[in-house]
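[1] Predicted model, plus sequence, below.
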Amino acid sequence: MFIVYTLRWLLLAMEALIAGPILYLYVISISAIVTEKKRQTKTAHFSCIAEPMCSTFVVLIPAHNEQDILGTLLDSLAALDYPKDRYTVHVVADNCTDSTANVARATGWVYVHERFDKIKRGKGYALNWLLHELEENHLSYDAYVILDADSVVVPTFLQSMARELAQGAQAMQACNTVLNISASPSTALRFIALTLVNHVRPLGRNGLGASSTLSGNGMCLSRTLLRRYPWQAYSLSEDYQYYLTLVRHGERVRYVPEAVVRSQMPTTFAQMRTQDVRWESLEGGQKTWWVALKLLGSGLRSRDFTRIEAVAELLTPPLSFLVCYCLLAFVASLLLWSLPGLLLSLILVGGLICYVGTALYLVRPPRKVYRAFLHAPGFMIWKRWVYFVLRRSKKHTSEWIRTSRTISIK
């Protein structure tokens, strides 16, 4: 009996440990709902006010062998509801072996740059190189928008960014979501996952007065900000690396849900492999706990809520881990017949249901997304395998590899 009592207390201690991140997600979810209600009220009240269109933008598109899908993005940029003389588009064909550069040139209005460097490869290096090219040619703009080549944007994208710039924002993140939601169960589940990470969490965090993260696609950075903090992020997760740089210096990233960018997602687990490994990499291979410790120390010294809150976001485990742990805790509570453990595990599961339910409530997805939940167990097993690969092997995170896709624009 002593062993059973010991295991029961150990189970409760572990459940209490995981309760922190789930409570954090629950608070973020409530904040997201409240913030969305306020946003809808404000939008309805000020709908008659014209959007500011005086800011100048340059759209930067790093592209590596994207000849089949780049044209779709350029078509959506040509259709932007924004003065044509107030924005330009620059494509950098980075180490391309196909006709990506020719696709961009064929438009007649896109500026094309070709870059060949077999050592410094990847999106981070391509962006740094392109920014230097613009500076050397004395091309200056109010803000820089970074888009992935496999995306499309809504016509009011730049209007929304211009409004935030006019209100003093320096770093902004668009709503980065899925284009081909109905292509397969994996894309439908990816839509839910990205809604949670790229909509619910940044919306809730901004509502609390904290910073959104940068998701790489749909970032908008002011010229002033880039001069203060030059782009020097070169890891596979260069967007998160730059976000951490900004937060460490007390900057806040503002989430702009009205500015929507939709990306083509891989439709099979095999195609998802390189993308998931890249997404789950942290800044140059640094340990999460070490990054969080430095951020926490900086936040406490400066008494900055933004930095302290960013630690909570950084240390929150992936949803697949939380779900698996809660299910294991529930089963262990039954085997040990621990009523407190059983009750706590049910509360934790309830918190996760509220978190996922917030995404469904806010975006009202098509019916096919709900049917995709039948494939969720396989999706979570896949995600756990990805984390295992990252911990065990360096070869998967040492170099950027293009994600293959099935072209299905829907």
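    Done, it's in.
[2] And the helices in the stretch 151-300 of the chain, which stretches?
    157-166, 185-195, 201-207, 223-228, 238-248, 269-279, 288-302 (DSSP state H, counting those that start in this stretch).
[3] Between helix 238-248 and the longest one, find me the angle.
    Taking axes from the mean of the first three to the mean of the last three CA atoms, to 10 degrees, one finds that helix 288-302 is oriented at 30 degrees with respect to helix 238-248.
[4] Just the mean pLDDT for helix 288-302, thanks.
    On average, the pLDDT along helix 288-302 is 88.
[5] For residue 33, pull up the helix or strand it's in.
    For residue 33, the element it lies in under DSSP states H and E is helix 2-45.
[6] on that earlier part again, will you turn the helices of the stretch 151-300 of the chain into TSV that also has distance to residue 89 and mean neighbour count?
    Yep, even glycine has a C-beta here, placed from its N, CA and C like the rest. Formatted as TSV, the helices of the stretch 151-300 of the chain follow (distance: least, CB to CB, whole Å; neighbours: other CB atoms under 10 Å):
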stretch	distance to residue 89	mean neighbour count
helix 157-166	11	22
helix 185-195	25	22
helix 201-207	25	25
helix 223-228	17	14
helix 238-248	20	23
helix 269-279	24	18
helix 288-302	34	15
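[7] Ranked by average pLDDT, which of those falls at the bottom?
    Going by mean pLDDT, the lowest-scoring of those is helix 269-279, which has a mean of 56.
[8] I'd like to know how far the closest residue to residue 174 other than its chain neighbours sits from residue 259.
    Distance criterion CB to CB, 6 or more residues apart in numbering; nearest residue to residue 174, sequence neighbours excluded, is residue 218 at 3.0 Å. Applying CB to CB, to the nearest Å, the value for residue 218 to residue 259 is 7 Å.
[9] Now do the shared contacts for those two.
    Both residue 218 and residue 259 are contacted by 153, 174, 175, under the criterion CB atoms under 8 Å, 6 or more residues apart in numbering.
[10] Please give me every residue in contact with the residue nearest the centre of the chain.
    What sits nearest the mean C-alpha location of the chain, by CA atoms, centre = their mean, is residue 215, with 3.2 Å. By CB under 8 Å, 6+ apart, the contact set of residue 215 is 173, 176, 197, 198, 239.
[11] Of the residues you listed, which is the nearest to residue 131?
    For the contacts of residue 215, the residue nearest residue 131 by CB to CB is residue 239; the value is 14.9 Å.
[12] ok, now which ones touch the closest one?
    Residue 239 is in contact with 213, 214, 215, 216, 219, 233, counting by CB under 8 Å, 6+ apart.
[13] what about the fifth one, how many residues close to it?
    Residue 219 has 23 neighbours, counted by other CB atoms under 10 Å.
[14] and it, what are its bridge partners?
    According to DSSP bridges, the partner residues bridging residue 219 are residue 146, residue 173.
[15] which ones are touching it?
    Residue 219 makes contact with 145, 146, 171, 172, 173, 174, 239, according to CB under 8 Å, 6+ apart.
[16] Go through these and say which is closest to residue 100.
    Distance to residue 100, by CB to CB, is smallest for residue 146 among the contacts of residue 219, at 16.8 Å.
[17] So that closest one sits against residue 60, correct?
    Yes: at 5.1 Å, residue 146 counts as touching residue 60 under the criterion of CB atoms under 8 Å.
[18] roughly how far apart are the residue nearest to the centre of the chain and residue 331?
    Between residue 215 and residue 331 the computed distance is 35 Å (CB to CB).
[19] re the thing from before, now intersect the contacts of residue 239 with the strands, please.
    Of the contacts of residue 239, the ones assigned to strands by DSSP state E are residue 219.
[20] will you turn the contacts of residue 239 into CSV that also has pLDDT?
    Output for the contacts of residue 239, formatted as CSV (pLDDT from 0 to 100):
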residue, pLDDT
213, 94
214, 94
215, 89
216, 85
219, 96
233, 75
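[21] and which of the contacts of residue 239 is nearest residue 108?
    The closest of the contacts of residue 239, once distances to residue 108 are taken by CB to CB, is residue 219, at 26.7 Å.
[22] Quick check: the gap between that closest one and residue 289.
    As judged by CB to CB, residue 219 and residue 289 stand 26 Å apart.
[23] what do you get for residue 299?
    For residue 299, the distance to residue 289 (CB to CB) stands at 15 Å.
[24] Could you list the domains of this structure?
    Using automatic domain parsing, the domains assigned to the chain come out as 7-32+315-392, 56-296.
[25] Can you say which of those is packed in most?
    Neighbour counts (mean count of other CB atoms under 10 Å) averaged over each of the domains of the chain peak at domain 56-296, with a mean of 20.
[26] Could you check how far that one is from the centre of its chain?
    In terms of CA atoms, centre = their mean, to the nearest Å, the centre of domain 56-296 is found 9 Å from the chain centre.
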